[in-house]
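Visitor: what's the 3D shape of this:
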Amino acid sequence: GAIGKKGTYEKNVTFAIAQKLQALINKEPGFKAVMTRTGDYYIYPSKRPDVARDLQADMLVSIHADAAENRKASGASVWVLSLKRATTEVGKMMEQTEQHSELLGGVAEVIKDSANEKYLAQMVLDLSMNHSMSAGFDVAESVLEHLDDVTKLHKEKPQAASLGVLKAPDIPSILVETGYISNISEEQKLKSPSHQQKLANAIFKGLKTHFYKSPPADTAIALKTGKEPLVVTATDST
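Guide: Numbers count the residues shown, from 1 in each chain. Prediction:
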């Protein structure tokens, strides 16, 4: 990750925010947070969605701190998966037939060996992609709305990108740039525990607002039974 002019490491800032977000999520009935890392070690961005997929996560939240040559650049932004990247990834998934059962769940067994297996698999993956991208965009808007209450925004609308951690068309995903660590005044704020908490609160409120409005089927929020928690996978920029 990036290093601020005062020597602040992005990985330390983002991990602290992720831990605070994890604590907020785990206090909320029906929610469960799982970190992609629990210490100071590196996981390739392209591998982080695999962690979320293994857990059947309902949302992947990647937390970063931005950097730019222009030291005056400042403010938070939220990024979502671009349609071009999502379509490319669906195409790759279609070529990996051995992974269809992992990606399609029980549907894969139903359509297995049928004459239209490839066509049906494509259709299911396209539907999953459309849902994931829609959910990711809605969450991004909600998170931005709450971030606007605690920090300056660099971009007021969700931005689409083809980034390593935003590559899973079957998992709703957002990448939160919490501010510019290359901006001296913002670097000071980003390493402040109180500001980190405010950022974590804003991200959590955005997630909670979305999932109470549009809860995934069979989650505790949807069923109000407390049986299955909604899983959010949190990652950061290490």
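Visitor: can you give me the distance of the most centrally placed residue in the chain to Lys5?
Guide: Residue closest to the average C-alpha location in the chain (CA atoms, centre = their mean): Val61, at 2.4 Å. Plainly put, Val61 is 27 Å away from Lys5 if you go by CB to CB, to the nearest Å. (Glycine included, C-beta is placed from N, CA and C.)
Visitor: shouldn't Ala65 be within a helix?
Guide: No: under DSSP: H, G, I helix; E, B strand; the rest coil, Ala65 falls outside any helix and is assigned strand.
Visitor: and it, what does it touch?
Guide: The neighbours of Ala65, taking CB atoms under 8 Å, 6 or more residues apart in numbering as the test, are Gly1, Ala2, Glu10, Val13, Thr14, Glu177, Thr178, Gly179, Tyr180, Ile181, Leu190, Ser237.
Visitor: so what's the residue nearest to the centre of the chain scoring on pLDDT?
Guide: pLDDT recorded at Val61 is 95.
Visitor: mind listing the residues bridging to it?
Guide: Note on Val61: beta-bridge partners by DSSP bridges are Ile174, Ala234.
Visitor: where's it relative to Glu145, distance?
Guide: 16 Å.
Visitor: any regions of this structure where pLDDT drops low?
Guide: 83-130, 162-169, 224-238 (pLDDT under 70).
Visitor: now the strands for it?
Guide: With DSSP state E as the criterion, the chain has strands at 31-35, 59-66, 77-81, 159-161, 173-180, 230-236.
Visitor: just send these back as JSON lines, with distance to Pro215 too.
Guide: What follows is the strands of the chain, written out as JSON lines (distance: least, CB to CB, whole Å):
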{"stretch": "strand 31-35", "distance to Pro215": "11"}
{"stretch": "strand 59-66", "distance to Pro215": "12"}
{"stretch": "strand 77-81", "distance to Pro215": "20"}
{"stretch": "strand 159-161", "distance to Pro215": "25"}
{"stretch": "strand 173-180", "distance to Pro215": "17"}
{"stretch": "strand 230-236", "distance to Pro215": "7"}
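Visitor: identify whichever of those strands lies nearest to Ile43.
Guide: The closest of the strands of the chain to Ile43 is strand 230-236. By CB to CB, the value is 7.5 Å.
Visitor: which positions within stretch 43-61 qualify as buried?
Guide: Pro45, Arg48, Pro49, Val51, Ala52, Arg53, Leu55, Ala57, Asp58, Met59, Leu60, Val61 (16 or more other CB atoms under 10 Å).
Visitor: residues contacting Leu24?
Guide: So Leu24 contacts Ala200, Asn201, Phe204 (CB under 8 Å, 6+ apart).
Visitor: can you pull the contacts of Phe194?
Guide: Let me fix one detail, which is that residue 194 is Ser and not Phe. Ser194 touches nothing, counting by CB under 8 Å, 6+ apart.
Visitor: quickly note the distance from it to Ser132.
Guide: 34 Å.
Visitor: could you do Arg48 as well?
Guide: 15 Å.
Visitor: ok, Tyr180 touching Glu69?
Guide: No: at 11.0 Å, Tyr180 does not count as touching Glu69 under the criterion of CB atoms under 8 Å.
Visitor: what's the burial count for the nearest residue to Ser77 once chain neighbours are set aside?
Guide: Counting by CB to CB, 6 or more residues apart in numbering, Lys155 is the residue found nearest to Ser77 once chain neighbours are left out, at 4.0 Å. A count of nearby residues for Lys155, using other CB atoms under 10 Å, gives 13.
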